[in-house]
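Trainee: please work out how this folds:
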Amino acid sequence: MSALALAGAPPATRPLRFLLTSPLWGVLAGLMLLLDPLVLGGRWAPPAVALVHVFTLGVLGNAMLGSLLQFLPVAAATPIPGAALAPWLHACLNAGLALLVAGLYHWPALLAPASVLLAAALLGIAVPTVPTLLRAGSQRLLRAGIGLALAMLTGTVLLGMLAAAVLGGHIVLPLDRLADGHASFGIGGWMLLLLGTVGATTVPMFQGTAAVPPRALKLWLTTSAALLAAASVARLSGAPPWLPAAALAGPVLAFSGTVLWLQWHAPHRRNLPLVRFWRAGCLAVAVAALLACAAALDLHERAAVLAGVLGIGIGLSLLVNGMALEIVAFITWVALRGRCPRGVRIPPVGRLLPDAEKQAVLLAHLGAAVLLAGAVAWPILRVAAALVLVAAYVLQLACLLRCLRRADDFGRTHAHGTPQADAKAAAA
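Mentor: Down below sits the predicted model:
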């Protein structure tokens, strides 16, 4: 942590409002699964599209944007222009998603304002940040990778707005091609490239693995971005659906294989709950990528649904939720340092959020994952999967709130204490 620019950390409330909203959408995803069997009925069913966006924008989007608000100024020494607007961007993102879900279910007229709000939130972070990342400075590869991911997010937003206009009846375009291009840019370009770039820093830091060689990371980033962009453009021009699926599979398998190899050969293995979150997540996204290729080749609808569940509802969610636990604990620790007087011994991150609690959250998510995957083949498991999914996200939120409460209790108790007393209390 000594190499991090802790003095540049934003106010804790700025990233936390996103990170604490994320599990609330996970609870809603479970309730949707409980109340509507059509959410697993096929990729083109409106409830299924709504559930996908609850995960990608609500669960993953909130967590990833909140993490970026903390990571960029602290780890990449890159302040985010207009970051003070974060409360408004957060409101636009979540209100836009709520309108999108309502529009997909019952009121198509809401799709237009939903796309405007979502675009305002996502582009409000991506567009001003990319030029800042491209300026000269240290950690050029880290900043370039994040900038590339944000550029792909911009493409995702534009294609999503076109798809919303098609669904709303305002324009006529091939919706299947738009959806495939939108998914390639969003899942592969935005989410995967961001996870790979940030993971190159956080996996060694939090999991005790060896560092990723910069040349290998640069090759993966440039190759992945070129493949995904070319395949998406080709698909929009009429190429078959297996092409973007195959283009996504390569970067996914390279990412998953690298993480698993680094974990297996870690010289200083630590933080076992996070290691297990990422191990399970990498296995799930790898299987999902292969299954998506097979589904695209023979257009098997049930295989496509299972690929989506494994990739988005399980794999990416495990990766992002595992890191979200660490990032919230770290944000809380940084804020506590600034709150207490000099000389006070601050509890370590591991005491603010113990491994036992993270392990309990992991087990709940793994239980939900098994039931979710099973429910695709055996619909009788849907209710059980929904209930366990709700429980997993409730447990995750409770875990995060306990972390904040521990820090608040320590801060109130030791804000004016003597260093000697504070040191004894922290060691107790």
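Trainee: where does the stretch 1-150 of the chain dip in pLDDT?
Mentor: Residues of the stretch 1-150 of the chain meeting the criterion pLDDT under 70: 1-5, 7, 136-137.
Trainee: would you map the helices across it?
Mentor: Applying DSSP state H, counting those that start in this stretch to the stretch 1-150 of the chain gives helices spanning 13-35, 46-53, 62-75, 86-105, 111-134, 140-167.
Trainee: one more: the stretch 251-400 of the chain?
Mentor: 272-298, 301-308, 317-339, 349-352, 355-377, 382-414.
Trainee: burial-wise, tell me which of those helices comes out on top.
Mentor: Across those, averaging neighbours per residue (mean count of other C-beta atoms under 10 Å) puts helix 317-339 on top, at a mean of 23. Heads up, the C-betas are built off the backbone N, CA and C, glycines and all.
Trainee: re the thing from before, so which of the helices of the stretch 251-400 of the chain is nearest Gly26?
Mentor: Smallest distance to Gly26 across the helices of the stretch 251-400 of the chain (C-beta to C-beta): 3.3 Å, for helix 382-414.
Trainee: returning to that earlier point: a markdown table for the helices of the stretch 251-400 of the chain, including mean pLDDT and distance to Pro204?
Mentor: A markdown table is the format used below for the helices of the stretch 251-400 of the chain (pLDDT from 0 to 100; distance: least, C-beta to C-beta, whole Å):
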| stretch | mean pLDDT | distance to Pro204 |
| --- | --- | --- |
| helix 272-298 | 92 | 12 |
| helix 301-308 | 87 | 30 |
| helix 317-339 | 92 | 13 |
| helix 349-352 | 88 | 16 |
| helix 355-377 | 95 | 19 |
| helix 382-414 | 93 | 23 |
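Trainee: which one of these lies nearest to Ala95?
Mentor: Judging those by C-beta to C-beta, what sits closest to Ala95 is helix 382-414, at 20.1 Å.
Trainee: distance from the chain centre to the closest one, please.
Mentor: Helix 382-414 sits 18 Å away from the centroid of its parent chain (C-alpha atoms, centre = their mean, to the nearest Å).
Trainee: before we move on, back to that, adding distance to Trp264, write the helices of the stretch 251-400 of the chain out as JSON lines.
Mentor: Below are the helices of the stretch 251-400 of the chain laid out as JSON lines (distance: least, C-beta to C-beta, whole Å):
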{"stretch": "helix 272-298", "distance to Trp264": "9"}
{"stretch": "helix 301-308", "distance to Trp264": "26"}
{"stretch": "helix 317-339", "distance to Trp264": "17"}
{"stretch": "helix 349-352", "distance to Trp264": "23"}
{"stretch": "helix 355-377", "distance to Trp264": "19"}
{"stretch": "helix 382-414", "distance to Trp264": "27"}
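Trainee: out of the ones you listed, which gets nearest to Ala102?
Mentor: So among those, helix 382-414 is nearest, using C-beta to C-beta, at 20.0 Å.
Trainee: report the angle between the closest one and helix 355-377.
Mentor: Relative orientation of helix 382-414 versus helix 355-377 (axes from the mean of the first three to the mean of the last three C-alpha atoms, to 10 degrees): 160 degrees.
Trainee: compare the helices of the stretch 251-400 of the chain and give me the one nearest Val157.
Mentor: Comparing these under C-beta to C-beta, the one sitting nearest is helix 317-339, at 19.0 Å.
Trainee: just checking, what packs against that closest one?
Mentor: helix 13-35, helix 62-75, helix 193-207, helix 272-298, helix 349-352, helix 355-377, helix 382-414 (3 or more C-beta pairs under 8 Å, 6 or more residues apart in numbering; DSSP states H and E).
Trainee: let's have the ones you listed in CSV, adding distance to Ile171.
Mentor: Shown next, in CSV, are the helices and strands packed on helix 317-339 (distance: least, C-beta to C-beta, whole Å):
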stretch, distance to Ile171
helix 13-35, 28
helix 62-75, 28
helix 193-207, 29
helix 272-298, 25
helix 349-352, 50
helix 355-377, 33
helix 382-414, 35
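Trainee: closest one to His90 among those helices?
Mentor: helix 13-35 (5.2 Å).
Trainee: buried residues, that closest one. List them.
Mentor: 14-30, 32-34 (16 or more other C-beta atoms under 10 Å).
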